[in-house]
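A.B. asks: predicted model follows, preceded by the sequence.
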Amino acid sequence: MPTVTYAGTQVLVNEEGFFTDPEQWREEMAPEIAREAGIPALTEQHWQVIKHVRHEYELRGTGPTVRALGKTSGVSVKELYELFPKGPAKLAAKTAGIPKPRGCI
């Protein structure tokens, strides 16, 4: 399994770059992950979504879909696509250090 280094810590990821162990994730890793995905800086709204995605993962064992995220995160679907342009649910999950949500291609 591949490894990558974020914030000076080596972590295991799958072939798509998603963490295989969400417990390895730390907040200081998120800006590096986001930059790799083309997001230059994380705003308060990004953090709101990232924290929500992690919370949902802890409750349900998977990240929310875009539709669910738009209903439960306090950020509209339109805003989600502005924050995470290349697929909000997938990119938010990757930035939050959780596995790719079920149903994401």
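C.D. replies: Everything's here; your move. Numbers count the residues shown, from 1 in each chain.
A.B. asks: buried stuff in the top helix by length along the chain?
C.D. replies: Assignment by DSSP state H gives helix 44-60 as the longest helix of the chain. Neighbour-count burial for helix 44-60, counted by 16 or more other C-beta atoms under 10 Å, picks out 46, 49, 50, 52, 53, 54, 56, 57. To be clear about C-beta, it is placed using only N, CA and C from the backbone, and glycine gets the same treatment.
A.B. asks: also stretch 63-80?
C.D. replies: 63, 64, 65, 66, 69, 70, 73, 75, 80.
A.B. asks: can you give me the helices in this protein?
C.D. replies: Going by DSSP H, the chain shows helices at 30-36, 44-60, 66-72, 77-83, 88-95.
A.B. asks: other residues contacting the longest helix of the chain?
C.D. replies: 22, 25, 30, 34, 39, 42, 62-64, 68-69, 72-75, 79-80, 83-84, 88, 92-93, 95-99 (C-beta atoms under 8 Å, 6 or more residues apart in numbering).
A.B. asks: kindly report the same for stretch 8-28.
C.D. replies: So stretch 8-28 is in contact with 1-7, 29, 36, 54, 57, 93-94, 96-100, going by C-beta under 8 Å, 6+ apart.
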